[in-house]
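*Asks:* Show me how the following folds:
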Amino acid sequence: MPSQTFTHEASTDAPIEAVWAKLDQPDTWESIGGVDRVFDPKIDDQGRLIGFSFDTVAAGRKYVGKATPNERVEGKRMAWNVHNTEVRGVTTVILNRSATGTVITVVLEVESVGLLSSMIFPIIAGAIGSGLPRSVEDFAAGLQD
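*Replies:* Down below sits the predicted model:
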């Protein structure tokens, strides 16, 4: 099955702790590549986001998907397994301290899940890839002090 990986990095003057706290807010994921609307968030008793459903629009069609935990390293890395009827993958946000704040790296790994989705995968992947830089830059800009 076809697959593709997209990466974009942006910087913010916000401290890493503030950026990390935003990653536990469901609406944050609406501004990080590939997700247009988050709904039905799951929050644990410590206030940590542990899953959500989402809509994404690609090639003029809306897809409903789910995000489940993949990896969580407090203050450093949060990754979600994501899937819908056409694609599955992993969305990872990596945080690193910089001299002026935080460097945010977003990695989207996606692959098609069937024969039909394989045929339209270039369109879906193109939509995801073209939107990632802007969404990561907008997310970082929204965190500026």
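*Asks:* remind me which residues of this protein are low pLDDT?
*Replies:* Applying pLDDT under 70 to the chain flags residues 33, 58-59, 116, 145.
*Asks:* now the helices for it?
*Replies:* Assigned by DSSP state H, the chain shows helices spanning 16-23, 115-141.
*Asks:* Format these as CSV; extra columns: distance to residue 32.
*Replies:* To be clear about C-beta, it is placed using only N, CA and C from the backbone, and glycine gets the same treatment. What follows is the helices of the chain, written out as CSV (distance: least, Cβ to Cβ, whole Å):
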stretch, distance to residue 32
helix 16-23, 9
helix 115-141, 6
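*Asks:* Please tabulate these in CSV, including the columns mean neighbour count and distance to residue 89.
*Replies:* Formatted as CSV, the helices of the chain follow (neighbours: other Cβ atoms under 10 Å; distance: least, Cβ to Cβ, whole Å):
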stretch, mean neighbour count, distance to residue 89
helix 16-23, 16, 18
helix 115-141, 16, 9
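*Asks:* Among the ones you listed, which comes closest to residue 104?
*Replies:* Nearest to residue 104, of all these, is helix 115-141, at 5.5 Å by Cβ to Cβ.
*Asks:* Many thanks, have a good one.
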